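Trainee: Compute the structure for the input listed below.
(one chain, ligands or ions: 1)
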Amino acid sequence: MTEPEAAGQQHRSGFACFVGRPNAGKSTLTNALVGSKIAIASSKPQTTRHAIRGIVHRPDAQLILIDTPGLHKPRTLLGERLNDVVRATWSEVDVIGVCLPADQRIGPGDTYLVKEIAELPKRPTLVGIATKADLVSKQRMAEHLVRIAALEEELGISWAEIVPVSATAGDQLDVLADVLSGLLPAGPPLYPDGEITDEPEETLVAELIREAALEGVRDELPHSITVMIDEMGLREGRAKDKPLLDVYASMVVERDSQKGIVIGHRGARLREIGTAARKQIEALLGTPVFLDLKVKVVKEWQRDAKQLNRLGF
Ligand SMILES: Nc1nc2c(ncn2[C@@H]2O[C@H](COP(=O)(O)OP(=O)(O)OP(=O)(O)O)[C@@H](O)[C@H]2O)c(=O)[nH]1
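Mentor: Here you go, the predicted model:
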């Protein structure tokens, strides 16, 4: 008998994702719940085809957090496909946590998202999460919670719970984890303990490079950049205690002008991106890294179905 069974509780397991406007605090919250340790396993998820961001292991529950890209007004084929992925993910999780930052008024961006969720044919359980609690007074938080509650009637949804939380201060994280776990179906753990994320290493590395490339230039390159890992592997002939990981990657942009932005004056930007990405990859994988970064222009890759398939979308 496992511990929770002995205590008369049922073990629960399932999937959740966080949604919210950009900067709502979704990533920070995910990291705070999962913890800083990122273990990479090569096994593919059996129960979902979506990217797993992290797994919260508890004696009484296993909460699997799924990553979704943001929902955008689609202007390109890629935009449409991403939105389809988002909706498919939303329909398959058990719980959606809607992140509504307490330091911002609830606005059209938030209601648009919640309306989209309200219109799903199969709607998961919803939890309202008032993020960034540390940034506001008690009184402002109270008003915010009232506004969140009012969305039920305005948009025709219902919250299973509304939870204020601060990911950075660590306040109420345990309450949120309890609430989310409690809403999962009864079932055994779906992943072995210790397995935190099961994205293939190459996907994570590509994501880190993309993050570094977008740092500071988000407005100039929205969605127009993708990263391909051309080759990745431990360098041969190195002493066991001195491994070096070689990563050859290409950043793919749509236009020559974007290539210029990524490369920067005399290659300064490209060097910055390389250094930032290399540090992140080293931190993630715990191995010194040699990173070779190229920039390629693939004209209009976002509109071209063949290119999209080649780039893995
Ligand atoms: N003070 C405070 N800041 C927070 C908290 N959570 C997130 N932030 C900050 O808010 C900013 C956005 O946080 P993210 O976690 O990146 O937000 P996100 O929703 O994942 O953003 P996108 O990836 O753009 O959708 C970052 O600067 C965080 O440091 C919090 O609980 N308190």
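
Trainee: For Val227, pull up the helix or strand it's in.
Mentor: Per DSSP states H and E: Val227 is located in strand 226-234.

Trainee: helices or strands up against that strand?
Mentor: helix 201-214, strand 245-253 (3 or more CB pairs under 8 Å, 6 or more residues apart in numbering; DSSP states H and E). To be clear about C-beta, it is placed using only N, CA and C from the backbone, and glycine gets the same treatment.

Trainee: and with 10 Å instead?
Mentor: helix 201-214, strand 245-253, strand 289-297, helix 305-310 (3 or more CB pairs under 10 Å, 6 or more residues apart in numbering; DSSP states H and E).

Trainee: Select, out of those, the one closest to the ligand.
Mentor: Closest approach to the ligand among the helices and strands packed on strand 226-234 is made by helix 201-214 (9.4 Å; CB to the nearest ligand atom).

Trainee: Return the list of helices and strands in contact with that closest one.
Mentor: Counting by 3+ CB pairs under 10 Å, 6+ apart, helix 201-214 packs on strand 226-234, strand 245-253, helix 256-263, helix 268-285, strand 289-297.

Trainee: Quick one: closest of these to Thr125.
Mentor: Of all those, it is helix 268-285 that lies closest to Thr125, at 32.0 Å by CB to CB.

Trainee: How about that closest one, which residues are buried there?
Mentor: For helix 268-285, the neighbour count (16 or more other CB atoms under 10 Å) marks 269-270, 273-274, 276-278, 280-281, 284-285 as buried.

Trainee: sorry, back to before: would JSON lines of the helices and strands packed on strand 226-234 with mean neighbour count be doable?
Mentor: Formatted as JSON lines, those follow (neighbours: other CB atoms under 10 Å):
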{"stretch": "helix 201-214", "mean neighbour count": "20"}
{"stretch": "strand 245-253", "mean neighbour count": "21"}
{"stretch": "strand 289-297", "mean neighbour count": "16"}
{"stretch": "helix 305-310", "mean neighbour count": "13"}
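
Trainee: Now that we have these, can you turn them into JSON lines and tack on mean pLDDT and distance to the ligand?
Mentor: Formatted as JSON lines, these follow (pLDDT from 0 to 100; distance: least, CB to the nearest ligand atom, whole Å):
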{"stretch": "helix 201-214", "mean pLDDT": "83", "distance to the ligand": "9"}
{"stretch": "strand 245-253", "mean pLDDT": "93", "distance to the ligand": "19"}
{"stretch": "strand 289-297", "mean pLDDT": "94", "distance to the ligand": "22"}
{"stretch": "helix 305-310", "mean pLDDT": "66", "distance to the ligand": "22"}
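
Trainee: Can you lay out the ones you listed as TSV showing distance to Pro188?
Mentor: Output for those, formatted as TSV (distance: least, CB to CB, whole Å):
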stretch	distance to Pro188
helix 201-214	27
strand 245-253	35
strand 289-297	37
helix 305-310	37
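
Trainee: ok so, going back, now find how far off-centre the strand holding Val227 is within its chain.
Mentor: Between the centre of strand 226-234 and the centre of its chain there are 21 Å (CA atoms, centre = their mean, to the nearest Å).

Trainee: ditto for stretch 17-24
Mentor: Taking mean C-alpha positions (CA atoms, centre = their mean), stretch 17-24 and its chain are 9 Å apart.

Trainee: Spit out the contact partners of Glu143.
Mentor: By CB atoms under 10 Å, 6 or more residues apart in numbering, the contact set of Glu143 is 102, 105, 136-137.

Trainee: tell me the secondary structure for it?
Mentor: Recorded secondary structure, Glu143: helix (DSSP: H, G, I helix; E, B strand; the rest coil).

Trainee: My understanding was that Ala130 contacts Trp159; is that so?
Mentor: No: with contact defined as CB atoms under 10 Å, Ala130 does not reach Trp159; the gap is 11.1 Å.

Trainee: Let's see if you can find the most crowded of the contacts of Glu143.
Mentor: The residue in those with the most neighbours, by other CB atoms under 10 Å, is Ala102 (24 neighbours).

Trainee: quick one, what contacts it?
Mentor: 25, 129-137, 140-141, 143-145, 148, 164-166.

Trainee: Around the ligand, pick out the residues from the protein.
Mentor: 20, 22-28, 70, 131-132, 134-135, 166-168 (CB under 6 Å from any ligand atom).

Trainee: Among those, show me the least confident.
Mentor: Looking at those by pLDDT, the weakest one is Gly70, with 66.

Trainee: what pLDDT does Ile40 get?
Mentor: At Ile40, pLDDT is 38.
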